[in-house]
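S.K.: fold the stuff below for me.
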Amino acid sequence: MADITRRLGWRHLRGAPTAHIRHHRSGKLAHDGPGLSFWFRSLSAALSEVPVDDRELAMTFHARTADFQDVAVQATVTYRVSDPAVAAARLDFSIDPDTGVWRGAPLEQLGTLLTETAQQHALDVLARTPLSAALVDGVTSVRERVAAGLAAEPRLPATGIEIVAVRVVALRPEPEVERALRTPAREQIQQEADRATYERRAVAVERERTIAENELASKIELARREEQLVEQRGTNTRREAEESAAADKVRAEAEATRTVRLAEAEAARSVKLSEAEAERSVRLAEAEAARAVKLSEAEADKQLRLADAEARRTQRLSEAEAARTVVLADAEAARSVRLARAEAEAAREVGEARAQAQAAWLRVHADAGVDGVATLQAHAAARLAESLPQIDSVTISPDVLTGLLARLGAGDRA
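M.R.: Prediction:
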């Protein structure tokens, strides 16, 4: 597709090297050729773009053979536009002056023309060929017939089309027919495989028989050698027993001699040990006696020193205790004297205070005009009250309260 750009009312076209551009202006050919680049006005320009490169057209169609079997044909046709002027005149390759896109579908028209033409020649050759021959030589015959038919087709040169090559990719029957055709070959291959399997099994059986015979011969030889081995083992065992008995005899004699020598050595050692032990006991007894004497003397001396020290300590403690007792007695006597003096002084001061209080109390009652008897009675009542215990609550019965109220009322009337 050509590239078209806009500039102030003008259009600029730039074509590809594989595209043939034809530019008509006012009915006259202004530009013609591949890979052109020019300015034009869209209102007065008619543009055509014809591709001149080789193009591949893949096609698939079905055909029927002479024995009425359906086959699928896959082919590819390579073509190119050899005369762009004729092709632009026969097919609509015009492009839009604003976008550069084809107005129609010229390549689809070419594809339809080539497909129908090739299909016509392929159907013609397959209709006279049976299926087996078509599968064997059908690809070559169809390719040659289609190439010849397209080369002889008069419409293609008149349209400016040149056929470059024709390829038939595949020619295949229906899946069921293809499976049926494959069955004989598959069966033959399977028979060959079975035959090879049977031969392999026969060879395996023969080899297994040879192996079994070899194993049997090996077992017989092993049994014979085992018998020889048992006899040799008996001989060896008997010889070992004899050698062991002789060795035990020599070992017993040596052990007896060793025991006698050990007993003699032990007796001599015991005598020496007894003598050494007796001598050691004597020395120990002497040492123990000397140690006991020294310990007794040391213990007596220690007891004497302890007795002297204890006597001195007891004497010091007695003296200290006596001095302490004297000091405590003096202190207690002085304290007692001070306490007695303090109590006497306090008692004297309390008595003086009470006497002063009584005198003041009596003066107060005398000043108030109370006779001496009443004053003494009040004073005695106060002393009695001071001597009585504390009373928390008083319970008065109704009859006592009634009598007291009656007396109070009588006193008021009097």
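S.K.: where does pLDDT dip in the stretch 1-150 of the chain?
M.R.: Scanning the stretch 1-150 of the chain for pLDDT under 70 picks out the ranges 1.
S.K.: please enumerate the helices of it.
M.R.: Applying DSSP state H, counting those that start in this stretch to the stretch 1-150 of the chain gives helices spanning 84-90, 106-126, 131-152.
S.K.: figure out which of those helices is closest to Val73.
M.R.: helix 106-126 (5.6 Å; Cβ to Cβ). Where you see a C-beta, it was placed from the backbone N, CA and C, and this is true even at glycine.
S.K.: in the closest one, what counts as buried?
M.R.: 106, 110-111, 113-115, 117-119, 121-123, 125-126 (16 or more other Cβ atoms under 10 Å).
S.K.: how far is that helix from where the chain is centred?
M.R.: 67 Å (Cα atoms, centre = their mean, to the nearest Å).
S.K.: which helices and strands sit right next to the lengthiest helix in the chain?
M.R.: Secondary structure of the chain read by DSSP state H shows that its longest helix is helix 175-367. Where contact means 3 or more Cβ pairs under 8 Å, 6 or more residues apart in numbering; DSSP states H and E, helix 175-367 is packed against helix 372-387.
S.K.: how close does Ser132 get to Asp67?
M.R.: Here the criterion is Cβ to Cβ, to the nearest Å. By it, Ser132 lies 8 Å from Asp67.
S.K.: which residues of the stretch 301-414 of the chain score low on pLDDT?
M.R.: Residues of the stretch 301-414 of the chain that meet the criterion pLDDT under 70 lie in 361-362, 364-397, 400-401, 404, 408-414.
S.K.: just list whatever residues bridge to the nearest residue to Gly138 once chain neighbours are set aside.
M.R.: Spatial nearest neighbour of Gly138, chain neighbours left out: Leu171 (4.7 Å); criterion: Cβ to Cβ, 6 or more residues apart in numbering. With DSSP bridges as the criterion, Leu171 is bridged to Val73.
S.K.: so Leu171 sits right up against Ala72, yeah?
M.R.: Yes - with contact defined as Cβ atoms under 8 Å, Leu171 counts as touching Ala72 (7.4 Å).
S.K.: who has more neighbours out of the two?
M.R.: Taking neighbours as other Cβ atoms under 10 Å, Leu171 and Ala72 compare with Leu171 leading, 23 against 13.
S.K.: okay, now Gly15: neighbour count?
M.R.: Gly15: 23 neighbours (other Cβ under 10 Å).
S.K.: now do the contacts for it.
M.R.: Shown in contact with Gly15 (Cβ atoms under 8 Å, 6 or more residues apart in numbering): Ala2, Ile21, Pro34, Gly35, Leu36, Ser37, Glu49.
S.K.: let's have those in JSON lines, adding distance to Thr197 and neighbour count.
M.R.: JSON lines is the format used below for these (distance: Cβ to Cβ, whole Å; neighbours: other Cβ atoms under 10 Å):
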{"residue": "Ala2", "distance to Thr197": "69", "neighbour count": "17"}
{"residue": "Ile21", "distance to Thr197": "71", "neighbour count": "24"}
{"residue": "Pro34", "distance to Thr197": "67", "neighbour count": "17"}
{"residue": "Gly35", "distance to Thr197": "69", "neighbour count": "12"}
{"residue": "Leu36", "distance to Thr197": "74", "neighbour count": "17"}
{"residue": "Ser37", "distance to Thr197": "75", "neighbour count": "12"}
{"residue": "Glu49", "distance to Thr197": "68", "neighbour count": "23"}
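S.K.: which two among these are spaced furthest apart?
M.R.: Pairwise distances across the contacts of Gly15 (Cβ to Cβ) peak at 13.1 Å, for the pair Ser37 and Glu49.
S.K.: how far away is Gln164 from Pro184?
M.R.: Let me fix one detail, which is that residue 164 is Val and not Gln. 40 Å.
S.K.: same deal with Thr76?
M.R.: For Thr76, the distance to Pro184 equals 32 Å [Cβ to Cβ].
S.K.: these two: which is more packed in?
M.R.: Per other Cβ under 10 Å, whichever of Thr76 and Pro184 has more neighbours is Thr76, with 14 against 9.
S.K.: the more buried one is in contact with Arg167, isn't it?
M.R.: Yes - counting by Cβ under 8 Å, Thr76 touches Arg167, with 4.6 Å between them.
S.K.: next, count neighbours for Leu162.
M.R.: Check again: residue 162 is Glu, not Leu. 15.
S.K.: that one and Pro84 touch, don't they?
M.R.: No - here Glu162 lies out of contact with Pro84, judged by Cβ under 8 Å, at a distance of 11.6 Å.
S.K.: now do the contacts for Arg22.
M.R.: Arg22 neighbours (Cβ under 8 Å, 6+ apart): Leu29, His31, Asp32, Leu47, Ser48, Val50, Pro84, Ala85, Ala88.
S.K.: for the third one, what are its contacts?
M.R.: In other words, Asp32. Here Asp32 is in contact with His20, Ile21, Arg22, His23, Ala85 (Cβ under 8 Å, 6+ apart).
S.K.: ok, the first one next?
M.R.: Going by Cβ under 8 Å, 6+ apart, Leu29 touches Arg22, His23.
S.K.: where's it relative to Ala85, distance?
M.R.: Counting by Cβ to Cβ - Leu29 and Ala85 are separated by 9 Å.
S.K.: cool, Ala334 as well?
M.R.: Separation of Ala334 from Ala85 (Cβ to Cβ): 164 Å.
S.K.: what does stretch 135-147 contact?
M.R.: Stretch 135-147 is contacted by residues 71, 73, 75, 77, 118, 121-122, 124-126, 129, 163, 165-168, 170-171, 173, 181 when judged by Cβ under 8 Å, 6+ apart.
S.K.: tell me how far it lies from the chain's centre.
M.R.: Per Cα atoms, centre = their mean, the centroid offset for stretch 135-147 relative to its chain is 67 Å.
S.K.: cool, and stretch 283-297?
M.R.: With Cα atoms, centre = their mean, you get 84 Å for stretch 283-297.
S.K.: so for that stretch, mean pLDDT?
M.R.: Mean pLDDT, stretch 283-297: 86.
S.K.: heads up, I number from 11, so please use that
M.R.: Right, with 11 as the first residue, what we last looked at is stretch 293-307.
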